[in-house]
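**Q** only geometry, no sequence info:
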C-alpha cells in the first residue's frame, strides 16, 4: 500500500520523507540516503530531496549524503541497463538520436566525456544512468566521471537548501541575508559557465563523429 502511495504522488511522498528525517535524529541521514538512492534508481526526480539535504544536514554533510546516494544509484542503474534491461534500453535509445551520436565517441573518450556529460545538463540524470549502461563506456570511467561531474551541481542545490533554511529560520548565528544570496548567485554563475563550456566541448566532439 505504501509503495502504491509513493508512485501515486511521489512529490508528496518525498516531502513526507523530509518530515520523517527531521524526527529521526542521527539515523535520519541513513534513511534519507536510502530513499534518495531508491528514487534515483526508479528514475523519480530527486531534486526536492537534493535541496532538502542542505536544509536538513547543512552543505557539507548534505552534499556527502547526496553524492554517496546518487553514485550508488548510478552504479546500480548502469548495471541494470547493461544486463537485465539491456534490450529495453537499447530500444529506448532510438528516442535519443543525440545520445546515439555521442555513444560513438564515449567508448574512446571514456572518463573525459562522462565528466563533461555530467557537468552539462543534456540528459536527465536518472534516466541517462540506464542509457549509459547500454552504451560503449566502461564501468569505472563512467562511475568516476559521474561522481566528479555531478559534484558541482550537487553542492549548488544542497547549498540552496541551506540558504532557504537560514533565510526562513535563521537564528542569531546566521549571516545577513545578502551574504547567503550573494554566495548562491556567485556559485550559480560559476556553475552556469562550467555547464556551458562542457556543452560546447560535447557539441564539438559530436561534430567530429
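**A** Arrived safely. Everything numeric here is computed off the predicted structure, so don't read it as measured data. Numbering: from 1, shown residues only.

**Q** so which helix or strand takes in residue 166?
**A** In this assignment (DSSP states H and E), residue 166 forms part of helix 139-169.

**Q** What helices and strands are in contact with the following helix or strand past that helix?
**A** Counting by DSSP H and E, the element after helix 139-169 in chain order, helix or strand, is helix 177-208. Judged by 3 or more C-beta pairs under 8 Å, 6 or more residues apart in numbering; DSSP states H and E, helix 177-208 is in contact with helix 97-109, helix 111-119, helix 139-169. C-beta coordinates here come from the backbone N, C-alpha and C atoms, glycine included.

**Q** Reformat these as a markdown table; add distance to residue 183, mean pLDDT and mean neighbour count.
**A** Conversion of the helices and strands packed on helix 177-208 to a markdown table gives the following (distance: least, C-beta to C-beta, whole Å; pLDDT from 0 to 100; neighbours: other C-beta atoms under 10 Å):
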| stretch | distance to residue 183 | mean pLDDT | mean neighbour count |
| --- | --- | --- | --- |
| helix 97-109 | 34 | 78 | 16 |
| helix 111-119 | 20 | 89 | 22 |
| helix 139-169 | 7 | 90 | 19 |
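
**Q** Residue 69 is nearest to which of those?
**A** helix 139-169 (10.2 Å; C-beta to C-beta).

**Q** Hey, what's the angle from the closest one to helix 177-208? Just curious.
**A** Angle of helix 139-169 versus helix 177-208, following axes from the mean of the first three to the mean of the last three C-alpha atoms, to 10 degrees, is 150 degrees.

**Q** Flag the shaky bits of the chain, pLDDT-wise.
**A** Low-confidence segments of the chain, defined by pLDDT under 70: 1-12, 14, 170-178, 180, 205-209.

**Q** coming back round to it: how about the helices and strands packed on helix 177-208 in a markdown table, adding distance to residue 187?
**A** Listed next are the helices and strands packed on helix 177-208 as a markdown table, based on distance: least, C-beta to C-beta, whole Å:
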| stretch | distance to residue 187 |
| --- | --- |
| helix 97-109 | 28 |
| helix 111-119 | 14 |
| helix 139-169 | 5 |
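
**Q** now the helix holding residue 166 against helix 111-119, angle please.
**A** Using the same axes, to 10 degrees: helix 139-169 against helix 111-119 is 30 degrees.
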